[in-house]
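# Next come a sequence and a model predicted from it.
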Amino acid sequence: MSGELYTGLNGFLHGRFGERVYRVSVDAGFTCPNRDGTKGRGGCAYCNESGSRAAYVEPKVPVAEQLRRGKEIIARMYGVRKFIAYFQPYSNTYGVPVETLEHLYRSALEEPDIAGIAIGTRPDAVSPAIIELLADIARERLVILEYGAQSMRDDVLERITRGHTAADTEAAFGMSRGKGIHLAAHLIFGLPGETPDDMIAGAIRLVELGADGFKFHHLYIEKNTRAERMYAAGEIGVLSRDEYIEILCGVIPRLPERIVLHRLFGQCAPETLAAPEWTLDKNGNLDLLRKVLRERGIRQGMNV
Ligand code: SF4
């Protein structure tokens, strides 16, 4: 990351493939144990019913076709020629035999211009057999496995009805690390009952557990979610942009330079957002963070 404020995903992918590489989201029809009744039915408090599907994704269309259409859109917008197939919404290792997963992931990798795969899932939705499959694929291709940790405090996870514990996250990382898989953790900052120190400590713990990267989100409230009702009732609040940036300024210098920051702000479609309004200012948010980091002389890894 020489000369950079932090190690971003684009730089990481460019370093590995020698050119710009973008993710193409696909919906392969998975569900989630916190929606199908195994862990719960209502889902996490903040989850919208699409399970965080990208706007351009058409879930009824076969994955190969979704990839073709997604690549076309992204190539037109950004002029890139290589892509990561991103199994994004819901829990993309859950509820199907490992042979089905193998067929799905390997088929995606056979599509033209697909450089690797990224798989979003929950820490309680993996098994040794799934990890062995991913490790096998990772011997030849890039495999990014994203675990939705969200918080490392059980009382916070309970408050948002996440349906798994920090111990589940520890076990998932224990099972997955050291196998050539790029392990990323999702953390939401601003969850009810968590202090900035807890949030920073959670990220540091995940590094100790073997995280290679992070997606950081601020808690934003989407319409028609339980979080919206809790927000309206004053049971939860949202961070101001300055408060969130302050937390990032606390976390980033504590992360080793090798840690890849896949995302630094949560994103949401304007029509589904309830709060905070600043969520929609995608470029402004990043510009402000970078300005603050520069002004304060903060760089990733400086306080490890
Ligand atoms: S685990 Fe993901 S898909 Fe499932 S309810 Fe929570 S946020 Fe939604």
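In hand now; what should we look at? Please read all numbers here as calculations on a predicted model, not as lab measurements.
# mind listing the helices for this structure?
Secondary structure of the chain (DSSP state H): helices at 9-17, 63-78, 98-110, 128-138, 154-159, 166-176, 196-209, 226-232, 241-251, 282-296.
# among these, which is nearest Arg35?
For the helices of the chain, proximity to Arg35 was assessed by Cβ to Cβ; helix 226-232 is nearest, at 12.4 Å. All C-beta atoms are positioned from the backbone trio N, CA, C, and that covers glycine.
# Check the offset of the closest one from the chain's centre.
Using Cα atoms, centre = their mean, to the nearest Å, the distance from the centre of helix 226-232 to the centre of the chain it belongs to is 23 Å.
# same question, stretch 130-141
20 Å.
# could you give the mean pLDDT of it?
The predicted model assigns stretch 130-141 a mean pLDDT of 98.
# Can you give me every residue that contacts Ile200?
Contact analysis of Ile200 by Cβ atoms under 8 Å, 6 or more residues apart in numbering lists Ile247, Gly250, Val251, Arg254.
# Go ahead and confirm Tyr244 touches Ile188.
No: counting by Cβ atoms under 8 Å, Tyr244 does not reach Ile188; the two are 10.7 Å apart.
# shared neighbours, those two?
His218.
# Looking at strand pairing, list the partners for Ile144.
Ala118, His182 (DSSP bridges).
# on that earlier part again, please spell out the ChimeraX selection for the buried subset of the contacts of Ile200.
Command for ChimeraX, covering only those of the contacts of Ile200 found buried under the criterion 16 or more other Cβ atoms under 10 Å:
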select :247,250,251,254
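# Same list (the contacts of Ile200) but as a markdown table, adding distance to the ligand and pLDDT.
Compiled in a markdown table, the contacts of Ile200 are given as follows (distance: Cβ to the nearest ligand atom, whole Å; pLDDT from 0 to 100):
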| residue | distance to the ligand | pLDDT |
| --- | --- | --- |
| Ile247 | 21 | 98 |
| Gly250 | 25 | 98 |
| Val251 | 22 | 98 |
| Arg254 | 26 | 98 |
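# closest to Asn285 among the contacts of Ile200?
Ile247 (13.0 Å).
# residues in contact with that closest one?
Phe189, Gly190, Pro196, Met199, Ile200, Leu239.
# Can you verify my assumption that the second one contacts Leu239?
Yes: counting by Cβ under 8 Å, a contact exists between Gly190 and Leu239, whose distance comes to 4.2 Å.
# Quick check: neighbours shared by the two?
His218, Leu219, Ile247.
# Using CSV, please lay out these together with distance to Tyr94.
What follows is the shared contacts of Gly190 and Leu239, written out as CSV (distance: Cβ to Cβ, whole Å):
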residue, distance to Tyr94
His218, 26
Leu219, 24
Ile247, 30
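# which among those residues gets closest to Ser151?
Distances from Ser151 to those, taken by Cβ to Cβ, are shortest for Leu219, at 10.3 Å.
# State the distance from the closest one to Gly237.
With distances taken as Cβ to Cβ, to the nearest Å, Leu219 is found 9 Å from Gly237.
# How about Gly70?
Taking Cβ to Cβ, one finds Gly70 at 35 Å from Gly237.
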